[in-house]
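Colleague: requesting a structural model of the entry that follows:
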Amino acid sequence: MIGFFIALLSGAFMAIQGVFNTEVTKSSSIWVANVFVQFTALLVCLCAWFISDRSSFGALMKVQPKYMLLGGTIGAFITYTVIKAMEQLGPAKASMLIVIAQLIVAYLIELMGLFNVEKQPIEVRKFIGMGIAIVGIIIFKWT
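Modeller: Coordinates of the predicted model:
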């Protein structure tokens, strides 16, 4: 149950961050805003690591396959695309499309067993759920 609430909190943080980042971009540029976002995230993570974790950064060299270390690089492009989407569509529409894209890609990753994720069987009810979510976006967009 705690995972459910953490996921809700994550979604709320993502929406708020997208709005904040879009506003910062209006006063600077998209890449300046992105650098600031990534830099402040680094500072917060270093503080959290210093207070609570202190495990070795050397363990990163043991990660296999090495492309799994691209999460931060992908994060920079996530920040960029969220800012652009919110700027052009507004927070609500952009967030809905972002969530649907996440859902579809995550389900495809599970179905194909990509990136060391345990392969899952196809379930019709999940396709129905995604279809309902897509219909919801269409209804939301037209209102």
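Colleague: by contact count, what packs against the helix or strand bottoming out on mean pLDDT in the chain?
Modeller: Scoring the helices and strands of the chain by mean pLDDT, DSSP states H and E places helix 124-142 at the bottom, with a mean of 89. Applying 3 or more C-beta pairs under 8 Å, 6 or more residues apart in numbering; DSSP states H and E, one finds that helix 124-142 makes contact with helix 91-112. For every residue, glycine as well, the C-beta is placed using N, CA and C.
Colleague: so which bits of the helix it packs on are buried?
Modeller: Going by neighbour count (16 or more other C-beta atoms under 10 Å), the buried part of helix 91-112 is 91, 94-98, 107, 110.
Colleague: what's the answer for stretch 20-37, then?
Modeller: 21-22, 24-25, 30, 33-34, 37.
Colleague: pLDDT added to those, as JSON lines?
Modeller: Below are those laid out as JSON lines (pLDDT from 0 to 100):
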{"residue": "N21", "pLDDT": "93"}
{"residue": "T22", "pLDDT": "93"}
{"residue": "V24", "pLDDT": "94"}
{"residue": "T25", "pLDDT": "94"}
{"residue": "I30", "pLDDT": "93"}
{"residue": "A33", "pLDDT": "93"}
{"residue": "N34", "pLDDT": "93"}
{"residue": "V37", "pLDDT": "94"}
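Colleague: and A59, how far from D53?
Modeller: For A59, the distance to D53 equals 11 Å [C-beta to C-beta, to the nearest Å].
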